Every structure is written in C-alpha cells, then in structure tokens.
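*Asks:* just coords:
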C-alpha cells in the first residue's frame, strides 16, 4: 500500500470542527492502517508535524429502506493531533 493511500477522506462534522481549536483533525483511513502509518501519511500529505494519533473503529449500524434491512459497513477513523503552530489548510473555511 502506498503511503498516501492510507488517508481516504477528511471527516468534517460539527464535532470534528470543534476539535480544531485543540489542534486535532479527523480522517477516515483504510482498515489496515496503524498509528505510525497514519502519522507518516499526514506528515507527508500536509507537510506538518504530528504529535499524537488516536485510531478507532466505527462499527456499522442497522439501516432500513422500506421492508429491507441491512448494515452499513464498519470503517476506521483517526484523530490526529498536530504540533502547536501547525494547521491543515484543507479544513480552514469549512
């Protein structure tokens, strides 16, 4: 896996937007990603210094469309804490 394929998309919600005040940013990452891999991918992609990485699995939920029921897929989320003074421009103005 290429290092830049680790990050799938940024997660922009009300909760993750409020985390930016603490210099934390959230990303959806591939299932096989670990903390050192996510750290290296963010540092390379955005040219910032990463202090800490927290990873969690978001489990799928039961959904219904009419009489049909199914599960949404599980996915992995990484919350990245940047060094003081660094920021990711991708999230600014959202």
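*Replies:* Noted; the coordinates are in hand. What you see is a predicted model; the values in this text were computed from it and never measured.

*Asks:* Please count neighbours and contacts with C-alpha atoms only from this point.
*Replies:* OK.

*Asks:* Distance from the longest helix along the chain to the middle of the chain?
*Replies:* The longest helix of the chain (DSSP state H) is helix 35-46. Computed by CA atoms, centre = their mean, to the nearest Å, the separation of helix 35-46 from the middle of its chain amounts to 11 Å.

*Asks:* what's downstream of it, the next helix or strand?
*Replies:* Counting by DSSP states H and E, the next helix or strand C-terminal to helix 35-46 is strand 50-58.

*Asks:* buried ones in that next one?
*Replies:* Buried residues in strand 50-58, counted by 16 or more other CA atoms under 10 Å: 50, 53, 55.

*Asks:* what is the mean pLDDT for that strand?
*Replies:* What strand 50-58 shows for mean pLDDT is 97.

*Asks:* So which elements touch the helix or strand following that strand?
*Replies:* Downstream of strand 50-58, the next assigned helix or strand under DSSP H and E is strand 62-65. In terms of contacts (3 or more CA pairs under 8 Å, 6 or more residues apart in numbering; DSSP states H and E), strand 62-65 is packed against strand 68-71.

*Asks:* Contact partners for the closest residue to residue 62 other than its chain neighbours?
*Replies:* Leaving aside its chain neighbours, residue 62 sits nearest to residue 71 (4.6 Å; criterion: CA to CA, 6 or more residues apart in numbering). Applying CA atoms under 8 Å, 6 or more residues apart in numbering, we find residue 71 in contact with 60, 61, 62, 63.

*Asks:* Output these as TSV; include the columns distance to residue 42.
*Replies:* Conversion of the contacts of residue 71 to TSV gives the following (distance: CA to CA, whole Å):
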residue	distance to residue 42
60	25
61	28
62	32
63	32
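
*Asks:* between the residues you listed, which is closest to residue 31?
*Replies:* Using CA to CA, residue 60 comes nearest to residue 31 of those, at 13.3 Å.

*Asks:* Touching, the closest one and residue 70? I think so.
*Replies:* No - using CA atoms under 8 Å as the test, residue 60 is too far from residue 70 to be in contact (9.7 Å).

*Asks:* quick revisit: ok, the residue nearest to residue 62 to residue 9 distance?
*Replies:* Computed as CA to CA, to the nearest Å, the residue 71 to residue 9 distance reads 21 Å.
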